[in-house]
Structure formats: structure tokens, C-alpha cells
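J.: Got a sequence here, can you build the structure:
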Amino acid sequence: MSSYPVLMHTALDATDCRGLAEFYRELLGLAYRPGDEVPADRDDDAAWLVLLDVRGNRVLAFQEVPTLERATWPSNDVPQQLHLDFRVPDTDELERHRLRAEALGAALVLDRSDDPDEPLYVLTDPAGHPFCILVSAG
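T.: Residues are numbered from 1 along each chain as shown. Take a look at the predicted model:
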């Protein structure tokens, strides 16, 4: 019987590891891996953080890097290299989550919310990584 590698999580580079982890924690309702929470009695100098879903499965990880050039999508001057897609069930939820993402620090890059086949928004997280929120059944 063959076995295959299992995706453990997707790791994103960031110059502000904690800040980017906080953005996605709030946006997606995730929790820190035990031990990755911010201790109240010391400065946060974490260089690697992991976020988990409600079942305790790893979803995203964040690695501190000294510099990171922001993607310039849709221009290819600095390619996006990867992006994340998040689905929602309808256009009301699409709008609600776009507004939440912007309130958390995301920036709108493309508004295709009026597309009858696949309404979506392309945004960038606070570190400049592009991500999409789109209406999809699955």
C-alpha cells in the first residue's frame, strides 16, 4: 500500500511574525499552538508561530525574516509566488469578510464581486501576501 506526504500547514514569511499571525488568527478564527501564545511577562520575539483550527490541526505557520519584498500583483515585477483562497457560501458573507479583513489590516487589490459566476475579492494581508475570498460551494 502506498502512502503520500500529508500537508502539515502552509508557512508564510513575514517581517512581523506575530503581527501576521494575529491577522490570520482573527480573520479565520484560529488559535495558537500551545506555547505560541504571547506570554504576558516578556517581550515577544517569536521567529516561528503556528495556528491551529478548532480540532487542533495545523493550518498556517509564520516564519520571521529580516526583509520581505511585497508582491506587486497583478504586475509581475515582484511575483506573488503563492496565494491563499478562502471560500464563503454567498455574497453577503463575501462582503462581511472583506470588511473584516480590511478592518484587520488587509488591502483590497481587485474587486470582482459582481462576477455572476464567481464573485471574489483579492486582498493582501499586512505583509503583502495576496489572498482571495470567493463565493463557492466547495
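
J.: so what does the helix or strand hosting A21 touch, helix or strand wise?
T.: Using DSSP states H and E, A21 sits within helix 17-28. Applying 3 or more CB pairs under 8 Å, 6 or more residues apart in numbering; DSSP states H and E, one finds that helix 17-28 makes contact with strand 10-14, strand 31-32, strand 48-52, strand 58-64, helix 91-103. For glycine as for every other residue, the C-beta is placed from the backbone atoms N, C-alpha and C.

J.: Now do the contacts for D77.
T.: Shown in contact with D77 (CB atoms under 8 Å, 6 or more residues apart in numbering): no residues.

J.: pretty sure it belongs to a strand, no?
T.: No - D77 is assigned coil when assessed by DSSP: H, G, I helix; E, B strand; the rest coil, not a strand.

J.: So for the chain, the centremost residue is which one?
T.: By CA atoms, centre = their mean, the mean C-alpha position of the chain lies nearest to Y24, the distance being 5.0 Å.

J.: what's near enough to touch that residue?
T.: Going by CB under 8 Å, 6+ apart, Y24 touches L30, L51, L60, F62, D125.

J.: That one and R87: what is the separation?
T.: As defined by CB to CB, to the nearest Å, Y24 lies at a distance of 16 Å from R87.

J.: Which among the helices and strands packed on helix 17-28 is found nearest to T72?
T.: Nearest to T72, of all these, is strand 10-14, at 16.2 Å by CB to CB.

J.: List the buried residues for that closest one?
T.: The neighbour-count check on strand 10-14 (16 or more other CB atoms under 10 Å) flags L12, A14 as buried.

J.: Output the contacting helices and strands for it.
T.: helix 17-28, strand 58-64.

J.: go with 6 Å
T.: strand 58-64 (3 or more CB pairs under 6 Å, 6 or more residues apart in numbering; DSSP states H and E).

J.: from the chain's centre, how far out does the strand it packs on sit?
T.: 10 Å (CA atoms, centre = their mean, to the nearest Å).
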